[in-house]
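Colleague: Sharing a model prediction with you, sequence too.
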Amino acid sequence: MIRISKWSGLVTAASPYILPAGGAVEQTNAQSLIPGQLTVRGGMGNVTATGTAGGALIELWGYSVGSGQSEIIFGFNDAGNIVKFTNPTVS
């Protein structure tokens with residue numbers, strides 16, 4: 001495990017040659033929800049939602065409406081239609 005004593009944050013516009021120690025140009029499978037702290041994101045899970053796909057799903061997009069409000073998932077199926085799912089839960 002790599003330990004960094006100081007997390008300088010995500011510096012997307014920096015050159016790799018002038019990147020500050022502990023800084024990152026790319027952040028993959030990690031999140032920074034608390035300032036100064038980097039944690040690993042949770043893994044994948046099964047999502048159950050209200051709605052019908054109408055075929056095989058090719059792409060999915062999540063949409064949140066405010067903090068603590070309802071979430072909606074939009075999908076693109078193999079028939080070329082955009083479908084909507086509500087009340088998603090992860091198991």
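Modeller: Cool, got the structure. Values in this document were obtained by computation on a predicted structure and should not be read as measured data.
Colleague: Just give the number of residues close to the residue nearest to V90 when sequence neighbours are not counted.
Modeller: Using Cβ to Cβ, 6 or more residues apart in numbering and skipping residues adjacent in sequence, the residue nearest V90 is G45, 4.3 Å away. (C-beta placed from N, C-alpha, C; glycine too.) By other Cβ atoms under 10 Å, the residues close to G45 number 9.
Colleague: Kindly report the same for L60.
Modeller: A count of nearby residues for L60, using other Cβ under 10 Å, gives 15.
Colleague: after the lowest-mean-pLDDT helix or strand in the chain, next one along is what?
Modeller: Ranked by mean pLDDT, DSSP states H and E, the helix or strand of the chain with the weakest confidence is strand 9-10, at a mean of 70. Downstream of strand 9-10, the first helix or strand assigned by DSSP states H and E is strand 23-24.
Colleague: Which neighbouring elements make contact with that next one?
Modeller: Packing contacts for strand 23-24, counted by 3 or more Cβ pairs under 8 Å, 6 or more residues apart in numbering; DSSP states H and E, involve strand 9-10.
Colleague: In terms of residue numbering, what are the domains of the protein?
Modeller: What automatic domain parsing lists as the domains of the chain is 9-40, 47-90.
Colleague: which residues does N29 contact?
Modeller: 40-41 (Cβ atoms under 8 Å, 6 or more residues apart in numbering).
Colleague: Tell me how far it lies from Y63.
Modeller: When distances are taken as Cβ to Cβ, to the nearest Å, N29 and Y63 turn out to be 22 Å apart.
Colleague: what about the strands in the protein?
Modeller: Secondary structure of the chain, counting by DSSP state E: strands at 9-10, 23-24, 30-34, 37-40, 47-50, 57-64, 71-77, 82-90.
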